[in-house]
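Chemist: with the input below, show me the fold.
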Amino acid sequence: MALIEQDFEMWAGDDMILVFTIQDEENIEDVSHIKWAMARSVRGPKLINKTGTATGNQAFIVLEEEDTEDIRPGRYYHELEITDYQGRVSTAALGSMRIWPTLIPQPVEEE
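Modeler: Numbers count the residues shown, from 1 in each chain. Here you go, the predicted structure:
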């Protein structure tokens, strides 16, 4: 069963590690895929697609600066999907994500 209302907030351009504890599984380390996506709504085009890792019953998604720096501040829908070693797909978590604007932009790296 999916964990619902897995809501969180972050600031545009920040790094963040999302941690989802899968309550109905003791160990998800042997799953074949962990996918996470974010969109304006459940029917909208995906704005961020990430793959994740697992330790025990926790899934980890790493968001990096470039994932959100160009996304308009606002509220978005996100979803975590797990595919087990037998190819069975399940939605593990979903909720809303709020991206806040930042006053101080990230520095431009000089080459």
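
Chemist: packing partners for the longest strand anywhere in the chain?
Modeler: Using DSSP state E to define each element, the chain has its longest strand at strand 89-100. Judged by 3 or more C-beta pairs under 8 Å, 6 or more residues apart in numbering; DSSP states H and E, strand 89-100 is in contact with strand 8-11, strand 74-83. From N, CA and C alone the C-beta is placed, and that goes for glycine too.

Chemist: so which of those strands gets nearest Ile28?
Modeler: Closest of these to Ile28 is strand 74-83, at 6.3 Å (criterion: C-beta to C-beta).

Chemist: please identify the most buried of the helices and strands packed on strand 89-100.
Modeler: strand 74-83 (a mean of 18; mean count of other C-beta atoms under 10 Å).

Chemist: give me the buried positions along the longest strand of the chain.
Modeler: Within strand 89-100, the residues that count as buried by 16 or more other C-beta atoms under 10 Å are 92-95, 97, 99.

Chemist: so which residues make contact with that strand?
Modeler: Applying C-beta atoms under 8 Å, 6 or more residues apart in numbering, the set of residues contacting strand 89-100 from outside is 2-12, 20, 22, 38, 59, 68, 71-84.

Chemist: wait, Leu18 sits on Asp67?
Modeler: No: the pair Leu18 and Asp67 does not pass the contact test of C-beta atoms under 8 Å, sitting 10.9 Å apart.

Chemist: what segments of this protein are strands?
Modeler: If DSSP E is used as the criterion, the strands of the chain fall at 8-11, 16-21, 33-39, 46-51, 53-55, 58-63, 74-83, 89-100.
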